[in-house]
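1. Predicted structure and sequence below. I'll ask about it afterward.
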Amino acid sequence: MTATSEIPALSDAPASHNPAAPSPGVPASPLESLAPLDGQDTKAAANRSFVITWLLSMLFGILGLDRFYTGRYLTGALKLLSLGGLGIWWIIDLGIVLAGGLRYGRDPLRGYTQDKEIAWIATGFTLIVAYSLQVDELVAKLVTGLF
């Protein structure tokens, strides 16, 4: 057996080779890597993000944006009209989001298990800073100044 018989001969233009097609396992574009692949659950990709829901709940929860984002339009409108239940509903909803109780449909929010610790720490830090800056007194002065 000679060395040339062990190595297959390469043709100049193989029939199955398409120079425009990417090699296997390499995405054609950065957006293709975000698209669900065959065999993956497309339902999980369509779910709402925990981080976005948490941020909406913390920053704009008094307006009900977290409820609108997760598809709860009626309670979102009620929360908007009542200004987050005068703040009580807003705080309760923030706790529900952090505990993983707010869902999209029947599915938990995407990314909850990996981001919940950071959300708890950031929320606690935000509350400590807001209390030390006496934001509650500032808000009370603004509200009484309006009436």
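-> Noted; the coordinates are in hand.
2. hey, let's count contacts and neighbours off CA atoms from now on
-> Fine.
3. Secondary structure element for L127, which one?
-> Applying DSSP states H and E as the criterion places L127 in helix 112-132.
4. got the contact list for the very next helix or strand once past that helix?
-> Later in the chain than helix 112-132, the nearest helix or strand by DSSP H and E is helix 135-146. Contact with helix 135-146 is made by A130, as judged by Cα atoms under 8 Å, 6 or more residues apart in numbering.
5. shaky segments in the protein?
-> 1-46 (pLDDT under 70).
6. quick one: the strands in it?
-> With DSSP state E as the criterion, the chain has strands at 103-104, 107-108.
7. Buried deepest among those strands, which one?
-> strand 103-104 (a mean of 20; mean count of other Cα atoms under 10 Å).
8. For that strand, which strands pair with it and how are they oriented?
-> The strands that strand 103-104 pairs with in its sheet are strand 107-108 (antiparallel) (by DSSP bridges).
9. neighbours around G124, how many?
-> Counted by other Cα atoms under 10 Å, the residues lying close to G124 total 12.
10. now swap in R106 and tell me
-> For R106, the neighbour count with other Cα under 10 Å is 7.
11. Y131 now?
-> Residues near Y131, counting by other Cα under 10 Å, number 12.
12. Also G111?
-> Neighbours around G111, by other Cα under 10 Å: 14.
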